[in-house]
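Novice: got a structure for you, letters missing:
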Ligand SMILES: [Zn+2]
């Protein structure tokens, strides 16, 4: 939460009190995601439970359909940071193609920045 702020990445609600905070894996463990801090984001318990094993970009789009305000830029930063961590640490052969595909999908969604590149690149 110190890194990401005190809101749920998926629904934007402030964590604490009536909105219990949890950490969840950006790349699910089931898909080979490592149990590293770089693979964790702060989310409320409801979103964590409802997302299940869904891919992060699938769940982000489901949150939008529900009229929530998921933080796509925070997700992009989290996926980029996880990519850097994997590049640095090595291994994670199962997570790599999954992470690549998620990052491509998310970068296509983000609006171009002032220099014409995507915000998260
Ligand atoms: Zn939430």
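Specialist: Yes, it's here. Computed from a predicted structure; not experimentally measured.
Novice: before we move on, which element is the residue nearest in space to the middle of the chain in?
Specialist: The chain has residue 75 as the residue nearest its centroid, 3.7 Å off, counting by Cα atoms, centre = their mean. If you go by DSSP states H and E, residue 75 is part of helix 72-89.
Novice: coming back round to it: looks like the residue nearest to the centre of the chain contacts residue 58 (just checking).
Specialist: No: in this structure, residue 75 is not within contact of residue 58 by Cβ atoms under 8 Å, at 11.7 Å. The C-beta positions use only the backbone N, C-alpha and C, and glycine is treated the same way.
Novice: what about residue 60, how many neighbours?
Specialist: 23 (other Cβ atoms under 10 Å).
Novice: Kindly apply the preceding question to residue 67 instead.
Specialist: Based on other Cβ under 10 Å, the number of other residues close to residue 67 is 7.
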